[in-house]
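**Student:** Turn this into a model:
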Amino acid sequence: VLSFIIFICYIASLAASFMMAPLLEFLLALFLFFAYASKLNEKFKGVHWPLTDFLRCVTAAIIYFAISIAAVSKYNDGASKAAGVFGFAATIVFAIDFYITFNDLVTFLKQGSSDSPDSPEGRKTEDEDSDSDSD
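**Tutor:** Numbers count the residues shown, from 1 in each chain. Got it, this is the predicted structure:
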């Protein structure tokens, strides 16, 4: 929603050249929302969904921060200033989402490494099982 508001502000401002970033971020967020809602993440196991969401959050925070600084410092109209302020708010929101997604990504990667038979946890349990069989 915040990306859409920023997009509308940039359309109405003199800084219309920045409108593509919030539009793409809005569409990407919409796609990921529908992908999770329709459980595409369970159907397509080849895509690392937490990593995709993590990268989206990181790039969005960086891009929103950069274009917000440019919009606030370079343009004097009210819509550009509003887009810049909303952009700074979006930077904070995406940074929080980045932190939450990072924790999910770490859990996802730990889960993936413990499923492999070459992991230390897998060898440890096999060794313990063989020790109990010999008793």
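
**Student:** Quick check: which element contains the spatially most central residue of the chain?
**Tutor:** For the chain, the residue whose C-alpha lies nearest the mean C-alpha position (CA atoms, centre = their mean) is Cys57; its distance is 2.9 Å. With elements taken from DSSP states H and E, the one containing Cys57 is helix 49-74.

**Student:** now the angle between helix 49-74 and the longest helix seen in the chain, please.
**Tutor:** In terms of residue count, the longest helix belonging to the chain (DSSP state H) is helix 78-115. Computed by axes from the mean of the first three to the mean of the last three CA atoms, to 10 degrees, the angle separating helix 78-115 from helix 49-74 equals 160 degrees.

**Student:** hang on, Leu51 packs against Val106?
**Tutor:** No - when contacts are counted by CB atoms under 8 Å, Leu51 is not listed as touching Val106 (11.0 Å). To be clear about C-beta, it is placed using only N, CA and C from the backbone, and glycine gets the same treatment.

**Student:** Please name the residues that touch Leu27.
**Tutor:** Residues counted as contacts of Leu27 (CB atoms under 8 Å, 6 or more residues apart in numbering): none.

**Student:** Convert stretch 4-21 to CSV, retaining C-alpha atoms only.
**Tutor:** As requested, the backbone C-alpha atoms of stretch 4-21 are provided in CSV (Å, rounded to 0.1, in the frame of the first residue of the first chain):
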residue,chain,number,x,y,z
PHE,A,4,1.3,2.5,-4.3
ILE,A,5,0.9,5.8,-2.4
ILE,A,6,4.5,6.7,-3.2
PHE,A,7,3.9,5.8,-6.9
ILE,A,8,0.8,8.2,-6.9
CYS,A,9,2.8,11.0,-5.3
TYR,A,10,5.6,10.6,-7.9
ILE,A,11,3.1,10.7,-10.7
ALA,A,12,1.7,14.0,-9.4
SER,A,13,5.1,15.6,-8.7
LEU,A,14,7.9,17.1,-10.8
ALA,A,15,10.0,14.0,-9.9
ALA,A,16,8.0,11.8,-12.1
SER,A,17,11.1,10.1,-13.3
PHE,A,18,11.3,8.2,-10.0
MET,A,19,7.8,6.7,-10.4
MET,A,20,9.1,3.4,-11.9
ALA,A,21,10.8,2.2,-8.7
